[in-house]
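Student: quick one: sequence plus predicted model below, questions after.
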Amino acid sequence: MSEQTAAGRIVIAGGSGFLGHSLAAHLTGKGWAVVVLSRNPSRGEGPWRHVRLRACALTHSAVSPSNREVAVQPPNFLTTDREDSCPKWVWSVPQTENLYEQPPRTDSGHRGGIAMTAVNREFFSKVRKTVVPRPIVRQETDVLGPSGSIRASAASIYGPNWYHDPFQDLIEVWDAGPALCFKDLLPRKNKYAREGLYLRLSLAYRTTANACVNIRTFSGNNITLPNSVEGAMYEDPYTRYFVTDDCTLNINSVFRDERLWLQRVDWEWVSSETIYEDELPYVAPYLERTPEQIEALYAVPEVTDQTVRAFLHEKIDADPVFAKRCLLLLAEEKWLHEDLVALYETLNHASE
């Protein structure tokens, strides 16, 4: 915006738009002589003077194939009723391959945009294939028995800062240590879930006086092992609820200049049925089972009216949402006349 305070005249560039039209009307009301510069004088009509704003254009026909020069007419911004003749400028155009055959592309035909380099494609009759190692398909292993023990040196160890002591058969770890994978050495974790058994895992280890070792256990929890110079057993209490699929023990950190020695991992199948420590004097610590009881757990029941009825009773008692959906099936014609949104909320809010 330029202003001439002595003559009371003001020039607004782009005054035909929403803001410019409002500004022009406001200034005219204040007594200013307003001049509006616009490419479209027909827009934004009002009691002020319109001046057409004209820009230059690039003339492709003026390109000379011999010297690659382009003639450009400079802008004549302030014209009223006639177009003034102006001298021409000459711009040098660099040598560009396929200048006439493939003009530069733009992002939009309506808005112009930044010129893009033309894409030239070629045909290759032979290209190299990607060579990768063949995946090693390992057969899943299983370990039998009610309990067992695995040396730490038998695990697959990944990462730095560890050493195998062959004389004591111990894995010595320092700083941010490795990961020890026992997946192929332990029983499958959910093999006896139908019988109510879980895999209890314990770690035999020894540390220096101030090691403060932090590990990620088989249950996926991060804990700090108690320091033990003489050696200790750490039993993970959370394997009762979850065991990681990779059965990996991660050594997250050991204090500087301190050490951790891993000896073995003990495993045992344990029943989920619990007893309290003060009940041990008069309650048997072992669960007695018969082969008939175990076979009944894995037997495929015959589908009869009685088994279906028993299944539905058990499912309805355990799952309130399932019970509501059964009720919907029984009273389908009545419930479908109700509000479907309210019906959906009723079916998916078991607490109500």
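Tutor: Nice, I can see it.

Student: which intervals of the stretch 251-352 of the chain have sub-threshold pLDDT?
Tutor: Confidence mapping of the stretch 251-352 of the chain against pLDDT under 70 gives the ranges 331-352.

Student: list the buried residues in the host helix or strand of residue 295.
Tutor: In this assignment (DSSP states H and E), residue 295 forms part of helix 291-298. Buried residues in helix 291-298, counted by 16 or more other C-beta atoms under 10 Å: none are found. Where C-beta positions appear, they are placed from N, C-alpha and C, glycine not excepted.

Student: quick check: next helix or strand after that helix?
Tutor: helix 305-318.

Student: and whichever helix or strand comes after that following helix, what's buried?
Tutor: Proceeding N to C from helix 305-318, the next assigned helix or strand is helix 320-330, under DSSP H and E. Across helix 320-330, burial judged by 16+ other C-beta under 10 Å covers residue 324.

Student: do the same with stretch 210-225
Tutor: Neighbour counts over stretch 210-225 (16+ other C-beta under 10 Å) mark 211-219, 225 as buried.

Student: also stretch 223-239?
Tutor: In stretch 223-239, counting by 16+ other C-beta under 10 Å, buried: 225, 227-228, 234, 236, 239.

Student: secondary structure, distance to residue 317 and pLDDT added to the residues you listed, as a markdown table?
Tutor: As requested, the buried residues of stretch 223-239 are exported to a markdown table (DSSP: H, G, I helix; E, B strand; the rest coil; distance: C-beta to C-beta, whole Å; pLDDT from 0 to 100):
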| residue | secondary structure | distance to residue 317 | pLDDT |
| --- | --- | --- | --- |
| 225 | coil | 44 | 94 |
| 227 | coil | 50 | 95 |
| 228 | coil | 48 | 94 |
| 234 | strand | 40 | 95 |
| 236 | coil | 33 | 92 |
| 239 | helix | 30 | 91 |
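
Student: report the two of these separated the most.
Tutor: By the measure C-beta to C-beta, the buried residues of stretch 223-239 have their two most distant members at 227 and 239, which lie 22.9 Å apart.

Student: show me which of the buried residues of stretch 223-239 is closest to residue 283.
Tutor: Nearest member of those to residue 283, counting by C-beta to C-beta, is residue 239, at 23.0 Å.

Student: how much space between the closest one and residue 30?
Tutor: Applying C-beta to C-beta, to the nearest Å, the value for residue 239 to residue 30 is 84 Å.

Student: now residue 262
Tutor: Applying C-beta to C-beta to residue 262 and residue 30 gives a distance of 88 Å.

Student: which of these two has more neighbours?
Tutor: residue 262 (25 against 10; other C-beta atoms under 10 Å).

Student: please, which helix or strand holds the more buried one?
Tutor: strand 260-271.

Student: which elements pack onto that strand?
Tutor: strand 147-151, strand 170-173, strand 197-207, strand 248-253 (3 or more C-beta pairs under 8 Å, 6 or more residues apart in numbering; DSSP states H and E).

Student: just the buried positions in that strand, please.
Tutor: Neighbour count says strand 260-271 has 260-270 buried, by 16+ other C-beta under 10 Å.

Student: partner strands of that strand, with direction?
Tutor: Partners of strand 260-271 in the sheet, by DSSP bridges, are strand 147-151 (antiparallel), strand 170-173 (antiparallel), strand 197-207 (antiparallel).

Student: out of those strands, deepest packed?
Tutor: strand 170-173 (a mean of 22; mean count of other C-beta atoms under 10 Å).

Student: could you pull up the mean pLDDT of the helix or strand following that one?
Tutor: Moving toward the C-terminus from strand 170-173, the next helix or strand (DSSP H and E) is strand 179-181. Mean pLDDT, strand 179-181: 94.

Student: in its sheet, what does strand 179-181 sit against?
Tutor: Per DSSP bridges, strand 179-181 is paired in its sheet with strand 156-158 (antiparallel), strand 248-253 (antiparallel).

Student: and the ones you listed: which comes nearest residue 175?
Tutor: For the strands paired with strand 179-181, proximity to residue 175 was assessed by C-beta to C-beta; strand 248-253 is nearest, at 7.3 Å.

Student: report the backbone C-alpha coordinates of that closest one in CSV.
Tutor: The C-alpha coordinates for strand 248-253 follow below in CSV (Å, rounded to 0.1, in the frame of the first residue of the first chain):
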residue,chain,number,x,y,z
THR,A,248,14.7,-65.2,26.4
LEU,A,249,16.5,-63.8,29.4
ASN,A,250,17.9,-60.3,28.8
ILE,A,251,20.7,-58.8,30.9
ASN,A,252,19.9,-55.1,30.8
SER,A,253,22.6,-53.7,33.0
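
Student: buried residues in that strand, which are they?
Tutor: Quick answer for strand 248-253 (16+ other C-beta under 10 Å): 248-251, 253.

Student: what residues does that strand touch?
Tutor: In this structure, residues lying in contact with strand 248-253 by C-beta atoms under 8 Å, 6 or more residues apart in numbering are 155, 162, 173, 175-183, 203, 213-218, 222, 260, 262, 265.

Student: how about stretch 137-152?
Tutor: 169-171, 180, 182, 184-188, 191, 262-269.

Student: distance from it to the middle of the chain?
Tutor: Averaging C-alpha positions (C-alpha atoms, centre = their mean, to the nearest Å) puts stretch 137-152 34 Å from its chain's average.

Student: and the end-to-end length of that stretch?
Tutor: Chord length of stretch 137-152, first to last residue, is 24 Å (C-alpha to C-alpha, to the nearest Å).

Student: about what we covered before: for residue 326, which of the strands paired with strand 179-181 is the nearest?
Tutor: strand 248-253 (43.4 Å).
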